[in-house]
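A.B. asks: A structural model of the following input is requested.
(one chain, ligands or ions: 1)
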Amino acid sequence: MVIIALSHGMHIAKKLAARLKKPYSKLEVTHFPDSEIKLKFNTNIKNKEVILVQSFYNNINDCVIETLFAAETARDLKAKKIILVAPYFPYLRQDKRFNPGECISLRTIAKNIDEDFDKVLIIDPHLHREKTLKHIFRISSKKLTANPLIEQYIKKNIKNPVIIGPDWESYKWAQKIAEKIGCDFAIMEKERYSATKVKVKLNKKIDIKSKNLVFIDDMISTGNTLLEAIKAMKKLGAKKVTCFAVHGIMVNNALNRLKRAGATVITTNTIPNKAAKIDVTDLIASAI
Ligand code: R5P
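C.D. replies: Numbering: from 1, shown residues only. Modelled structure (predicted):
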């Protein structure tokens, strides 16, 4: 087995290789002036099980192309098995035709992953209309969750928490973690007016007095969902607020905007960002 870091997987691949005591190599990726990419394996992968580690953030579409190029090349170089470890996997929200004529992006991505890989591992995929990864990929797939890591972090660092999920889908993180910890929780309802504008309200009354308010969601993208949720909870008297998310995508200055709203923000390192305090390397290692 060899662990290979793609351009957006370096923050995890090296630690993963050390943890598994397996050789590590970094894919060499170069850009032409017109932005086309070229890549090169710097280690012999013939007859080896190759773990390609790639998270998908910042320039997601470049990450996708690089991942497909790498897998196809690994196949061509006679790798025995090609596994994609994707701490964060993109396009999962585009799993249906919302308006006539639209592309079902996830279907195209999945078809290409199926073609080039033997197996895929994803941490907390945003499964919504598609219920499991088996409905998305034909190849073997494994869903991992960072919930136990977030649960441990809260138990260790936050006394007397009350957990809020900022939208109905977040129950898979907020409710499940609250049940494990054994604390109160509530889920908020969200109305989305556009890709960047949302409004939220609490769906049931809970006691937040003298409690440490903790929001948990799968991802922070623009931060707007959490900003609205914080605003709503502050109106109800919340003071100290901590926001947890598995994936800190952090676009549009999300982290600073959340901090300015008075929140402490903690994410895992599926995507590197300044709030990434929870390491998922062991979670991945134990699944390989
Ligand atoms: C949506 O269903 C997700 O679970 C997140 O709540 C959402 O994607 C967060 O996006 P943003 O930070 O842009 O509001």
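A.B. asks: nearest spatial neighbour of residue 247, chain-adjacent residues omitted?
C.D. replies: Excluding the flanking residues, the one nearest residue 247 by CB to CB, 6 or more residues apart in numbering is residue 219, at 4.1 Å. Placement of C-beta: from N, CA and C, glycine included.
A.B. asks: and the one you found, that's in a strand?
C.D. replies: Yes. Assessed with DSSP: H, G, I helix; E, B strand; the rest coil, residue 219 lies in a strand.
A.B. asks: that one: neighbour count?
C.D. replies: 21 (other CB atoms under 10 Å).
A.B. asks: show me the contacts for it.
C.D. replies: By CB atoms under 8 Å, 6 or more residues apart in numbering, the contact list for residue 219 reads 126, 245-249.
A.B. asks: ok, now with 6 Å
C.D. replies: 245, 247, 249 (CB atoms under 6 Å, 6 or more residues apart in numbering).
A.B. asks: any idea whether the residue in the stretch 51-200 of the chain that the ligand sits nearest to is helix, strand or coil?
C.D. replies: Minimum separation of the stretch 51-200 of the chain from the ligand (CB to the nearest ligand atom) falls at residue 169, amounting to 4.7 Å. Counting by three-state DSSP, the backbone at residue 169 sits in helix.
A.B. asks: now do the buried residues in the lengthiest helix in the chain.
C.D. replies: Criterion DSSP state H: the longest helix present in the chain is helix 60-76. Counting neighbours by 16 or more other CB atoms under 10 Å, one finds that the buried residues in helix 60-76 are 62-64, 66-71, 73-75.
A.B. asks: with pLDDT and distance to residue 151 as extra columns, can I get the residues you listed in TSV?
C.D. replies: Formatted as TSV, those follow (pLDDT from 0 to 100; distance: CB to CB, whole Å):
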residue	pLDDT	distance to residue 151
62	96	34
63	97	29
64	98	32
66	98	34
67	98	31
68	98	35
69	98	38
70	98	34
71	98	34
73	98	39
74	98	36
75	97	39
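A.B. asks: now, the most widely separated pair of those residues?
C.D. replies: Spatially, the most separated pair among those is 62 and 75, at 20.6 Å (CB to CB).
A.B. asks: I figured residue 67 hits residue 56, correct?
C.D. replies: No. Residue 67 is beyond contact range of residue 56, at 7.9 Å (criterion: CB atoms under 6 Å).
A.B. asks: so what sits against both of the two?
C.D. replies: Counting by CB under 6 Å, 6+ apart, nothing touches both residue 67 and residue 56.
A.B. asks: which secondary structure state is assigned to the closest residue to residue 93 other than its chain neighbours?
C.D. replies: In this structure, residue 93 finds its nearest non-sequential neighbour in residue 126, 5.7 Å apart by CB to CB, 6+ apart. At residue 126 the chain is in coil, as set by three-state DSSP.
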